[in-house]
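Asks: give me coordinates for this.
(2 chains)
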Amino acid sequence: MRIATYNVNSIRARVERIVGWTRAQLPDVLCLQELKAEEKDFPHDAFRELGYHAAVWGQKTYNGVALLSRAPLADVQRGLDGGTEEQSRLVVARTYDLTVACVYAPNGEAPGTEKFAYKLGWMERLADKLAPLVAAGTPLAVCGDFNVAPTDVDVYDPDGLREMIHVSTPEREALARIVDLGFTDSWRKMNPKERAYTFWDYRMLAFQKNRGYRIDHIYLTPKVAERLVSAKIDREARKGERPSDHAPLVVELKA
DNA sequence: ATGGCTACGATCCGTAGA
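Replies: Prediction:
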């Protein structure tokens, strides 16, 4: 089976592109982030025609996540507090033989800001939510935009960006608290030495110069990680007219 | 040297992303 995660940076601004990519790839499970739209504006029909069940948690202007699967979704949960939060950043459901979490971690703006503190707190609460599931041996795929590059190999200029947003020590520690619950970084496992990115700023010709960050991840619990066949970043999706600033990450698991 | 682009929602600029 194939699982994909894709920060689309507005579903309405590029619905043709995103639906077209999905039609071409047909991942069994697809996690979308940054819908920047309310659920009523999500292209439900287009995905239904491709055979997807959808759990969408949108909001006006910002954030917004969708968990799509070609199998039914069960036990859908929105957010860390049962959907009472202001920011729609998490949707969890059971599908196939997995529990899947679609994650959109806060950006965090810059170390020392209020948003940075919110980011760290949000990640801490995500760790608290995942901990009992991991402890119970639940087969998990936690997929999304974590807005953290885990190591210096995951960013284009680690020295120039030292302690900046996405690479700072507190962010890496917050991500490690999640990963160290017992997850495998699927892309890194399948590409141990490679340097590759999933996000490039629109500015400064960052994509053309390959100035990027690997901040989108698919984390798997051990039994699921044993089934890994491949993990690939689809750089082609970052090219052409009006792309998202992120590229999709796609993993293939043995049945 | 943090500016540069893009999307949104309210105007024709401010907020946010990362």
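Asks: contacts for the longest helix seen in chain A?
Replies: Counting residues, the longest helix found in chain A (DSSP state H) is helix A:114-135. Contact with helix A:114-135 is made by A:80, A:89-90, A:99, A:101, A:103, A:105-110, A:140, A:142, A:146-147, A:165, A:170-171, A:174-175, A:177-178, A:181-183, A:221, as judged by CB atoms under 8 Å, 6 or more residues apart in numbering. To be clear about C-beta, it is placed using only N, CA and C from the backbone, and glycine gets the same treatment.
Asks: OK, contacts around residue A:72?
Replies: A:53, A:95.
Asks: give the helix, strand or coil label for it.
Replies: Under DSSP: H, G, I helix; E, B strand; the rest coil, the three-state class of residue A:72 is coil.
Asks: and it, how close does it get to DNA strand B?
Replies: 29 Å (CB to the nearest atom of the strand, to the nearest Å).
Asks: follow-up on the earlier one: how about the longest helix of chain A and DNA strand B, touching?
Replies: Yes - applying CB under 7 Å from any atom of the strand, one finds helix A:114-135 touching DNA strand B at residue A:115.
Asks: now that helix: buried residues?
Replies: A:116, A:119, A:120, A:122, A:123, A:126, A:127, A:129, A:130, A:133, A:134 (16 or more other CB atoms under 10 Å).
Asks: what about the fifth one, distance to DNA strand B?
Replies: Using CB to the nearest atom of the strand, we find residue A:123 at a distance of 13 Å from DNA strand B.
Asks: against residue A:57, how distant is that residue?
Replies: 18 Å (CB to CB, to the nearest Å).
Asks: got it, and the second one?
Replies: For residue A:119, the distance to residue A:57 equals 19 Å [CB to CB].
Asks: my guess is residue A:101 contacts residue A:142. True?
Replies: Yes - contact status for residue A:101 versus residue A:142: in contact at 4.5 Å, counting by CB atoms under 8 Å.
Asks: the more surrounded of those two?
Replies: residue A:142 (27 against 23; other CB atoms under 10 Å).
Asks: can you tell me which helix or strand that one belongs to?
Replies: strand A:140-145 (DSSP states H and E).
Asks: the helix or strand just after that strand - what's its average pLDDT?
Replies: Going down the chain from strand A:140-145, the next helix or strand is helix A:169-179, by DSSP H and E. Per-residue pLDDT values over helix A:169-179 give a mean of 98.
Asks: quick one: helix A:169-179 near DNA strand B?
Replies: No - figure legend: helix A:169-179 not in contact with DNA strand B (CB under 7 Å from any atom of the strand); closest approach 10.9 Å.
Asks: now that helix: buried residues?
Replies: Buried-residue list, helix A:169-179, by 16+ other CB under 10 Å: A:170, A:171, A:172, A:174, A:175, A:177, A:178, A:179.
Asks: now swap in stretch A:88-95 and tell me
Replies: Buried residues in stretch A:88-95 (16+ other CB under 10 Å): A:88, A:89, A:90, A:91, A:92, A:93, A:94, A:95.
Asks: dump the residue contacts of the second one.
Replies: Spelled out, it's residue A:89. A:63, A:65, A:79, A:103, A:104, A:105, A:106, A:122.
Asks: what does chain A have sitting close to DNA strand B?
Replies: A:7, A:9-10, A:12-14, A:34, A:36-37, A:60-62, A:106-107, A:109, A:115, A:145, A:147, A:160, A:165-166, A:199, A:201-204, A:213, A:215, A:242, A:245-246.
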